[in-house]
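Asker: Just to be clear, the model below is a prediction. Sequence and coordinates:
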Amino acid sequence: MAIVTEQLTPTQLFKRQWESYQVVLNEDYLEHKVLYGSLQQYLQQRASSGPLRLLDLGCGDSDYISCLVEESGGERLLASYTGVDLSEPAIEISKQNIHRVLGNGRAQWHSADFLSYVKGCEEEYDCILMSFALHHLDANAKAELLVECHRLLTKSNGALLMVDIVRKPGESLEEYHIRSQKDVDTWVAVPPDARASFTDHMLKYDFPETVAFIEESGKAAGFKHVASHCAASKELAQFIAMEA
Ligand SMILES: C[S@@+](CC[C@H](N)C(=O)[O-])C[C@H]1O[C@@H](n2cnc3c(N)ncnc32)[C@H](O)[C@@H]1O
């Protein structure tokens, strides 16, 4: 029997959405494997001169990044981890995942809006990760966030690492939504009602940009070197690094 979403408590709703997202990750529907493979190479190379201080904006449950850190030697890769997310239940799972791979005292979390967090932040980081999170902001807020990230990364000559959904060159938001919806229709391991929730969420909250737009916004924000490292084969997501 289908579960009626409106009757779920916020905790039940989170659990249900989180379980569906776990299926998306396990089935690699968003091509995390290839994107995070490229991200891992990038982070390992940057950590060759010493472990990194990482800020993860929109960290969610930190599932994929914690596995990446574990495979890369834990504290050999990261000196510290700071997770920021609006969702407190997601942060609770993130804590479990990160504590598995980093020692006590090396990680902290902020339950906050990531744009507000970076605007008020004076900490120094070597890398800022935004994984499947930037696309939630409108174009002006994306530009503002890039400027604030550049400010935070300047002293350390750090890098902003974005793994996110993207539109194809010349593709409108509406065309992207249609293309993405067709892709979601192929996620057979996700129950149909959960697929409908993904599509609903996408139409309301997903505002991906083209790679060219993100790259140009990065340069306008002051990043010296902006490069796309890995495009997923479905052309729905990309890993872009911006160096301050
Ligand atoms: C699709 S999930 C990605 C989670 C994780 N980074 C990953 O790649 O698996 C997006 C996350 O961004 C968070 N998020 C969305 N908008 C946010 C905002 N304005 N401030 C903080 N977190 C936000 C959501 O709560 C969610 O956990």
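Answerer: Now that the structure is in, tell me what you want to look at. It should be emphasised that the depicted structure is a prediction, and the values quoted were computed from it without experimental measurement. Numbering: from 1, shown residues only.

Asker: residue of this protein with the smallest distance to the ligand?
Answerer: Of all residues in the chain, G60 sits closest to the ligand, at 2.6 Å by CB to the nearest ligand atom. Yep, even glycine has a C-beta here, placed from its N, CA and C like the rest.

Asker: ok so that residue is a strand residue?
Answerer: No: going by DSSP: H, G, I helix; E, B strand; the rest coil, the assignment for G60 is coil, not a strand.

Asker: What is the burial count for it?
Answerer: Neighbours of G60 under the rule other CB atoms under 10 Å: 21.

Asker: Does anything pack onto the host helix or strand of K142? Which helices or strands?
Answerer: K142 is located in helix 139-153, with elements delineated by DSSP states H and E. Packing partners of helix 139-153 (3 or more CB pairs under 8 Å, 6 or more residues apart in numbering; DSSP states H and E): helix 114-119, strand 127-131, strand 159-165, helix 211-220, strand 237-243.

Asker: circling back to that earlier point, need the nearest residue in space to the residue of the chain closest to the ligand, chain neighbours excluded.
Answerer: A90 (4.9 Å; CB to CB, 6 or more residues apart in numbering).

Asker: I98 is in contact with the residue of the chain closest to the ligand, correct?
Answerer: No: contact criterion CB atoms under 8 Å: G60 and I98 do not qualify, at 11.7 Å.

Asker: ok so, going back, turn the helices and strands packed on helix 139-153 into TSV, including distance to G83.
Answerer: Shown next, in TSV, are these (distance: least, CB to CB, whole Å):
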stretch	distance to G83
helix 114-119	10
strand 127-131	10
strand 159-165	15
helix 211-220	22
strand 237-243	19
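
Asker: Out of these, which gets nearest to P191?
Answerer: Among the helices and strands packed on helix 139-153, the nearest to P191 by CB to CB is strand 159-165 (21.8 Å).

Asker: How about that closest one and the ligand, touching?
Answerer: No: on the criterion CB under 6 Å from any ligand atom, strand 159-165 is out of touch with the ligand, staying 6.7 Å away.

Asker: Figure out how far that strand is from the centre of its chain.
Answerer: 7 Å (CA atoms, centre = their mean, to the nearest Å).

Asker: and the angle from it to strand 127-131?
Answerer: 10 degrees (axes from the mean of the first three to the mean of the last three CA atoms, to 10 degrees).

Asker: And for stretch 79-95, what's in contact with it?
Answerer: Outside stretch 79-95, the residues that touch it by CB atoms under 8 Å, 6 or more residues apart in numbering are 11, 14-15, 18, 50-63, 66, 69, 98, 102, 106-114, 117, 123, 125.

Asker: and what of stretch 205-221?
Answerer: 134-139, 142-143, 146-147, 149-150, 160, 162, 164-171, 173, 176-177, 180, 226, 228, 231, 238, 240, 242.

Asker: Show me which positions of that stretch end up buried.
Answerer: Of all the residues in stretch 205-221, those buried under the rule 16 or more other CB atoms under 10 Å are D206, F207, P208, E209, T210, V211, F213, I214, E215, S217, G218, A221.
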